[in-house]
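S.K.: below is the sequence, then the predicted model.
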Amino acid sequence: MLKKIFWFFFSLFLASFDGLLNLKFRFDEREHSPLLIVRVDNIGDFILWLPFVKNLHARYSFNKKPILICNRTCFELAQATGLFSKVIGVNNLRFTRDLKYRYRMLRNIASLGASVAIQPTYSRVFLIGDSLVRASNAKERIGFDCDLSNISPWQKRISDRWYTQLVPASLSPMMELNRNAEFLRNLGKSDVYASLPVLPELVKLATDKTISEDYFIMFPGASSPIKIWPVESFARVARKIVDEYGFVPVICGGEMEQELGDLLLRRIGDDRGKNYAGETSIPELSEMVRGARFVVSNDTSVVHIATAVATPSVCILGGGHYGRFLPYPVELEGVKPITVINKMNCFCCNWRCQFTDDQSRPYPCVEGISIQQVKCAVDLVMRQTPTQ
C-alpha cells in the first residue's frame with residue numbers, strides 16, 4: 001500500500017515537473033515540421049511494429065523520413081533499418097528516476113519542432129511514452145485509446161488530455177500484429193492488414209562471430225525470472241539435439257546473461273559450443289539468428305527476430321500474455337515460431353499469478369513445460385525444414 005501511495009504522488013510530481021518544462025520549452029518556429037513517432041517499448045514489440053512504419057509515414061505528406069524516439073535497447077536496430085531520419089534512444093528507467101536526464105530529454109524532444117507526434121503503442125505508459133508525446137508540443141498529438149496493462153485509470157484520464165486525437169481500439173483480445181494494423185486502419189489507412197516482420201541484412205558479421213558448421217541457437221534468458229525455463233531443461237534438450245543432429249550449440253543473450261550462458265554451455269558439455277551472451281549487438285544477433293538452423297528460446301525478442309529473418313524457432317511460452325504477442329496468427333504465411341505451452345485455465349493473467357508471488361523463479365505455466373514437449377517441437381522444425 002505504501003508503495004502505491006508513493007508512486008501516486010511521484011507520478012503527480014513528475015507530471016507537474018513536465019508541465020512547467022513544457023511552458024518553458026515552447027518552440028514556435030517549426031520550419032522542418034517533421035513527423036515524430038514515439039515507440040519506447042521493448043525489442044520484441046518494436047519488431048512486431050516495424051511492418052507498419054512505411055504505412056504510417058505514407059499517411060502524412062512529409063518528404064523526410066520520420067524521427068523515432070525509442071527504447072535505447074532498440075536504438076541500434078532502429079538505426080540499422082534505415083527507416084528513420086533520426087533515432088533518439090531513451091533509457092526508460094533513468095527517464096523516470098533522474099530529473100536532470102529527464103530535463104535534457106524533454107528539452108531535446110521539444111526542440112525537434114514536430115508538427116505531428118504519434119504514439120502507436122496500445123499499452124501506453126504515463127511517465128514515459130505519454131510524457132514524451134506531451135513534451136513534443138506538436139500541433140497534432142495522436143495516440144491509441146489504450147488498455148490498462150501499463151497505466152492506471154487515473155493516469156489515463158490525465159494523459160488522454162495530452163493528445164489531440166485518440167485512435168479507437170476494439171475491446172476484444174488481439175495479437176499485436178493485428179492490433180498495429182487496426183491502429184492504422186482506424187487512423188485512415190483502410191488497406192492495411194497484419195503481415196510478418198521482415199528484417200533485411202543489417203550488418204556483416206565479424207570472423208569471430210561467423211560459424212562455418214551447422215548450428216542452433218539457445219536463448220536461456222528472459223526479461224524476468226518468471227519467464228525463464230530451467231537451465232537444466234535447456235541443457236537436456238540441447239544434448240538431445242547435439243546427439244541426434246550433430247549441430248553446434250550456440251548460446252545468445254544479453255550482458256546480464258553471460259554467466260547463465262556459461263552455465264548452460266557447461267551443462268551441455270559440447271566442446272564445440274560457443275557463448276555469445278552479452279557479446280553481440282542486436283543487428284549482429286539478427287544476422288547470427290539468420291544463419292542458424294533454428295532457435296530455442298524463452299519468450300523473448302529473439303523469437304520475433306527469428307521470424308523477421310525467416311529462421312524457424314521454438315518458443316517456451318508462459319500464459320501471462322498468451323495470444324497477444326505469441327502465437328502468431330495462423331492465417332499469416334511465412335516462417336512463424338512454434339510455441340510450446342503448459343495450458344492452464346488462468347492464461348492471460350497479465351503475469352499476475354494466482355499460484356505464487358515468488359518472482360525469483362519460473363511461474364507454474366513455464367516450469368510445467370516438459371523437455372519432451374520442447375524436443376518434439378524441435379523435431380517438427382526439422383521435419384518441416386530437412387535441408388538448408
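M.R.: Okay, I see it.
S.K.: every contact and neighbour count from this point should use C-alpha atoms.
M.R.: OK.
S.K.: roughly how far apart are the residue nearest in space to the middle of the chain and I158?
M.R.: Against the mean C-alpha coordinate of the chain, by CA atoms, centre = their mean, the closest residue is G44 at 2.5 Å. To I158, G44 is 28 Å away according to CA to CA, to the nearest Å.
S.K.: kindly report the same for L177.
M.R.: 28 Å.
S.K.: between those two, who's got more neighbours?
M.R.: With neighbours defined as other CA atoms under 10 Å, L177 and I158 compare such that L177 has more, 25 against 13.
S.K.: if I look at the residue nearest to the more buried one when sequence neighbours are not counted, how far off is P312?
M.R.: In space, and not counting its chain neighbours, L177 is closest to A194: 5.3 Å by CA to CA, 6 or more residues apart in numbering. For A194, the distance to P312 (CA to CA) stands at 20 Å.
S.K.: more neighbours, the two?
M.R.: Neighbour tally, A194 and P312, criterion other CA under 10 Å: the higher count belongs to P312, 25 against 20.
S.K.: can you report phi and psi for the nearest residue to that one once chain neighbours are set aside?
M.R.: In space, and not counting its chain neighbours, P312 is closest to F294: 4.9 Å by CA to CA, 6+ apart. Per-residue torsions, F294: phi -170, psi 170 (degrees, to the nearest 10).
S.K.: which residues touch N22?
M.R.: The contact partners of N22, by CA atoms under 8 Å, 6 or more residues apart in numbering, come to 134-135, 137.
S.K.: the residue nearest to L177: what's it in contact with?
M.R.: Going by CA under 8 Å, 6+ apart, A194 touches 177-178, 180-181, 332.
S.K.: which of those residues fall within helices?
M.R.: 177-178, 180-181 (DSSP state H).
S.K.: adding distance to F95 and pLDDT, write these out as JSON lines.
M.R.: Listed next are the ones in helices among the contacts of A194 as JSON lines, based on distance: CA to CA, whole Å; pLDDT from 0 to 100:
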{"residue": "L177", "distance to F95": "28", "pLDDT": "97"}
{"residue": "N178", "distance to F95": "30", "pLDDT": "97"}
{"residue": "N180", "distance to F95": "26", "pLDDT": "97"}
{"residue": "A181", "distance to F95": "29", "pLDDT": "97"}
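S.K.: of these, closest to T121?
M.R.: Comparing the ones in helices among the contacts of A194 against T121 with CA to CA picks out N180 as the nearest, at 8.1 Å.
S.K.: measure the closest residue in space to that closest one that isn't next to it in sequence to G246 for me?
M.R.: Spatial nearest neighbour of N180, excluding adjacent residues (CA to CA, 6+ apart): W49 at 6.4 Å. W49 sits 36 Å away from G246, taking CA to CA as the criterion.
S.K.: neighbour-wise, which of those two wins?
M.R.: Between W49 and G246, counting by other CA under 10 Å, W49 is the more crowded of the two (23 against 14).
S.K.: of the contacts of A194 - the most surrounded one?
M.R.: L177 (25 neighbours).
S.K.: list the contacts of that one.
M.R.: Contacts of L177 by CA under 8 Å, 6+ apart are 48-49, 194-196, 325.
S.K.: narrow those residues to those in helices?
M.R.: 48-49.
S.K.: of all the residues in stretch 230-239, which ones are buried?
M.R.: 230-231, 233-239 (16 or more other CA atoms under 10 Å).
S.K.: export that stretch as PDB, just CAs?
M.R.: Included here for stretch 230-239 are C-alpha records, laid out as PDB according to Å, rounded to 0.1, in the frame of the first residue of the first chain:
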ATOM      1  CA  PRO A 230      15.200 -24.100 -16.000                       C
ATOM      2  CA  VAL A 231      18.700 -24.100 -17.400                       C
ATOM      3  CA  GLU A 232      19.000 -27.900 -16.900                       C
ATOM      4  CA  SER A 233      16.000 -28.400 -19.100                       C
ATOM      5  CA  PHE A 234      17.600 -26.300 -21.800                       C
ATOM      6  CA  ALA A 235      20.700 -28.400 -21.400                       C
ATOM      7  CA  ARG A 236      18.900 -31.700 -21.800                       C
ATOM      8  CA  VAL A 237      17.200 -30.500 -24.900                       C
ATOM      9  CA  ALA A 238      20.500 -29.300 -26.300                       C
ATOM     10  CA  ARG A 239      22.200 -32.600 -25.600                       C
END
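S.K.: if anything else comes up later, I'll come back, but that's it for now.
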